[in-house]
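Novice: Model the following, please.
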Amino acid sequence: MVFLIMAHQHQHGHSHTHHHHDLKGRNLLISIILNAFITLAQVIGGLVSGSLALLSDALHNFSDVLSLVISYMANVLSKRKASAKKTFGYKRAEVIAAFVNSATLMVVAVFLIIEAVERFYHPKDIGSDLVIWLSIIAILGNGFSVLLIKKDSDVNMNMKSAYLHLLTDMMASVAVLIGGLLMKFYQVFWIDPLLTLLIALYLVYMGYDLLKQSTKVLMLFTPKSVAVNDIVVAISNISLVKNVHHVHIWQLNEEEVHLEAHIDFLQDIRLSEFDRVLEQIEKLAYDEFGINHVNIQPEFGKCDSKQIIVQD
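Specialist: The predicted structure is shown next:
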């Protein structure tokens, strides 16, 4: 008889985690309100002043509002418990949000590049005073939002995507302010499409890495921090283990990395002996590779492929 055994590290500090989730949600909500106000002001100001850089900043800000709403919804969904129909719950919600947000960064960037190139060929006088004041408002609003969610951005992909949106928009607003000052005092109006182009290229630079990371998680690729051959060798060195095969390692979300494998044993051992080996594997996987969910299928003399990687 073959047993499928599931082991995982027990979680602690539920009240702290719940409080942390609440703070994340609150901070996102504040950022949404701030950015909605900034977007509206910049759209009106951009239309009145004729500044493409201001309108491009407004468009970026609008994508911020959408991304923050997605991040907020993902944050709410991720707190929902697992059920019979959703055995993993909504743990992937924040990774999906990160993917959507980073993809929108790229789309917005392409749109801005097209608009900037067109404006180079058809320059336009800009109402610089409005540009200056609205960019200052945007810098203050986005700066406050960046400070609110910076801490969570270091450990959470969803919050990082929201943080990148806000950070790039704050930097874009700084560029727009510099452009507004140059237009006001030196009548250098070509600076407007140039800044738009630079903002767009920076969006591509910032968004690409996050898009790649979130895609790898959604595609169940092996995390970069885990070397499959190293963990196979480490488990094979455990007493009674003959070989390790059919290995799958994937990242469910920021907090969970899963290992699934078949292990061929040298002897027809008892379940109690297997439990002791399983504890060793669990400790090894967590301490040396950061894997906190282990799913092992024990085997003895079973005729199946012994390759490490087998596509099921």
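Novice: ok, residue 309 - contacts?
Specialist: For residue 309, the contacting residues are 228, 247, taking C-beta atoms under 8 Å, 6 or more residues apart in numbering as the criterion. In this view, the C-beta of every residue, glycine as well, is placed from N, C-alpha and C.
Novice: Specify the local secondary structure of it.
Specialist: coil (DSSP: H, G, I helix; E, B strand; the rest coil).
Novice: Would you map the helices across this structure?
Specialist: Assignment of helices within the chain using DSSP state H yields the ranges 14-49, 52-78, 93-121, 128-153, 157-186, 191-218, 228-236, 271-289.
Novice: Dump the ones you listed to CSV, plus mean pLDDT.
Specialist: As requested, the helices of the chain are arranged in CSV below (pLDDT from 0 to 100):
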stretch, mean pLDDT
helix 14-49, 76
helix 52-78, 79
helix 93-121, 84
helix 128-153, 87
helix 157-186, 83
helix 191-218, 85
helix 228-236, 96
helix 271-289, 96
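Novice: Residue 263: which of these is closest?
Specialist: Closest approach to residue 263 among those is made by helix 228-236 (7.0 Å; C-beta to C-beta).
Novice: helices or strands next to that closest one in the packing?
Specialist: Contact here means 3 or more C-beta pairs under 8 Å, 6 or more residues apart in numbering; DSSP states H and E; on that basis helix 228-236 packs against strand 241-251, strand 257-265, helix 271-289.
Novice: Centre of the chain to that helix, how far?
Specialist: Once both centres are worked out by C-alpha atoms, centre = their mean, to the nearest Å, helix 228-236 turns out to sit 29 Å from its chain's centre.
Novice: Quick check: buried residues in that helix?
Specialist: Of the residues in helix 228-236, those with enough neighbours to count as buried (16 or more other C-beta atoms under 10 Å) are 228, 231-232, 234-235.
Novice: What is the nearest of the residues you listed to residue 187?
Specialist: Using C-beta to C-beta, those come closest to residue 187 at residue 228, 61.2 Å.
Novice: my read: the closest one touches residue 245, true?
Specialist: No - taking C-beta atoms under 8 Å as the definition, residue 228 is not a contact partner of residue 245, at 11.4 Å.
Novice: Spit out the residues that contact the two alike.
Specialist: Contact criterion C-beta under 8 Å, 6+ apart; residues bridging residue 228 and residue 245 by contacting each: residue 308.
Novice: thinking again about what came up before, looking at the helices of the chain, which is closest to residue 251?
Specialist: When the helices of the chain are compared by C-beta to C-beta, helix 191-218 sits nearest residue 251, at 5.0 Å.
Novice: Make sure residue 32 is actually in contact with residue 68.
Specialist: Yes - judged on C-beta under 8 Å, residue 32 makes contact with residue 68 at a distance of 4.6 Å.
Novice: which of the two has more neighbours?
Specialist: residue 68 (28 against 20; other C-beta atoms under 10 Å).
Novice: The more buried one touches residue 36, doesn't it?
Specialist: No - no contact is recorded between residue 68 and residue 36 when judged using C-beta under 8 Å, the distance being 9.1 Å.
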